[in-house]
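>>> Build the 3D model from these lines:
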Amino acid sequence: MSTKAELYDVIRKPIITEKATMASEFNVVVFEVAIDANKPTIKRAVEELFGVKVKAVNTTITKGKVKRFRGKLGTRKDVKKAYVTLEEGNTIDVSTGL
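Got it, this is the predicted structure:
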């Protein structure tokens, strides 16, 4: 059993974009997660925090873009996203606060 603080370290924030909103029609919720989080950890964290049953977890890592910061080259951080598919009848409303 993990503490809530440890679970919130795994799941950083929900991602609300056009693509994530379209995926929500198919019972999928998108979260930004810790870069070192694995699928079983993400599944357990979502189930314990939101009280839902998770069907599947798919992850993707977006590499940080190279940008200029005050004239010098720098890179943004890499971001890991988790596409969490919920069982039928389960929902998470990401438009409200956690």
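
>>> Just want to check the distance between the spatially most distant residue from the centre of the chain and Lys65.
Distance from the centre of the chain peaks at Gly71, with 32.2 Å (C-alpha atoms, centre = their mean). Gly71 sits 17 Å away from Lys65, going by C-beta to C-beta, to the nearest Å. Where you see a C-beta, it was placed from the backbone N, CA and C, and this is true even at glycine.

>>> just how off-centre is stretch 42-54 within its chain?
A distance of 12 Å separates the C-alpha centroid of stretch 42-54 from that of its chain, computed with C-alpha atoms, centre = their mean, to the nearest Å.

>>> Which element is encountered next along the chain beyond the longest helix along the chain?
With DSSP state H setting the assignment, residue counts place helix 39-50 as the longest helix in the chain. Using DSSP states H and E, the next helix or strand after helix 39-50 towards the C-terminus is strand 54-62.

>>> residues of the longest helix of the chain that come out buried?
Buried positions in helix 39-50, judged by neighbour count with 16 or more other C-beta atoms under 10 Å: Thr41, Ile42, Lys43, Ala45, Val46, Glu47, Leu49, Phe50.

>>> Enumerate the positions of stretch 49-63 that are buried.
Within stretch 49-63, judged by 16+ other C-beta under 10 Å, the buried ones are Leu49, Phe50, Val52, Val54, Val57.

>>> Against Ile61, how distant is the second one?
As judged by C-beta to C-beta, Phe50 and Ile61 stand 23 Å apart.
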